[in-house]
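Undergrad: Give me a 3D structure for the following:
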Amino acid sequence: MIQQGFYLTKEIPQKWWFMAFYDIKTQEDLEEVFGVLLSTRMGWDKAAEIKAELSKQNSGYTLTNFDRHTSIICVSHATDYDELYNTISHETRHATDHLCEFFGYNTNGEKSAYINGEISKQMFKAVATLICPVCNCKKI
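TA: Modelled structure (predicted):
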């Protein structure tokens, strides 16, 4: 499983929003992420609901804890690279919407696009290893 943690610092005024990304490949990965979800104090039922969703192929979930200034993006095993990219794009949009909601930004505005860009940029190295495992997209 690929795990990545990073802080958004460029577009977030408080300079401290933590983001985590989990790529779930196996049942063991899913159990580990379930433990992470439980650690957010969301409750067993909600964590179990998310776990059930993430046990499906081509699925994802984005959880944001506004009190802790934390967002968690999870993607399940994908059937192909197109589906993986689609799911990651979908979930980064949810994360962007959550942050815009918290800070009172228009989700269709330029600030939203910059936040989405920063999330995508921070996640690029991890995502590149998933989508292009041969070259890891080190060259353009």
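Undergrad: CA only for contacts and neighbour counts going forward, please
TA: OK.
Undergrad: Now do the SS call for Ser71.
TA: Recorded secondary structure, Ser71: strand (DSSP: H, G, I helix; E, B strand; the rest coil).
Undergrad: Surely it is in contact with Tyr61?
TA: No. Taking contacts as Cα atoms under 8 Å, Ser71 lies outside contact range of Tyr61: 10.4 Å.
Undergrad: so Cys9 sits right up against Tyr114, yeah?
TA: For the record, residue 9 is Thr, not Cys. No. Using Cα under 8 Å, Thr9 is not in contact with Tyr114, being 11.7 Å away.
Undergrad: ok, Lys56 - contacts?
TA: Under the criterion of Cα atoms under 8 Å, 6 or more residues apart in numbering, the neighbours of Lys56 are Ser76, His77.
Undergrad: ok, now with 7 Å
TA: Contact analysis of Lys56 by Cα atoms under 7 Å, 6 or more residues apart in numbering lists Ser76.
Undergrad: in the host helix or strand of His94, what's buried?
TA: Following DSSP states H and E, one finds His94 within helix 81-103. Judged by neighbour count using 16 or more other Cα atoms under 10 Å, the buried positions of helix 81-103 are 84-85, 87-88, 90-100.
Undergrad: In the sheet, which residues pair with the most centrally placed residue in the chain? Tell me.
TA: By Cα atoms, centre = their mean, the chain has its centre lying nearest to Ile73, at 2.1 Å. Beta-bridge partners recorded for Ile73 (DSSP bridges): Phe21, Thr62.
Undergrad: what sits up against the helix or strand of the chain with the lowest mean pLDDT?
TA: The weakest-scoring helix or strand in the chain, judged by mean pLDDT, DSSP states H and E, is strand 2-8 (a mean of 85). Contacting residues not belonging to strand 2-8 are listed as Lys15, Trp16, Trp17, Phe18, Met19, Ala20, Phe21, Tyr22, Asp23 [Cα under 7 Å, 6+ apart].
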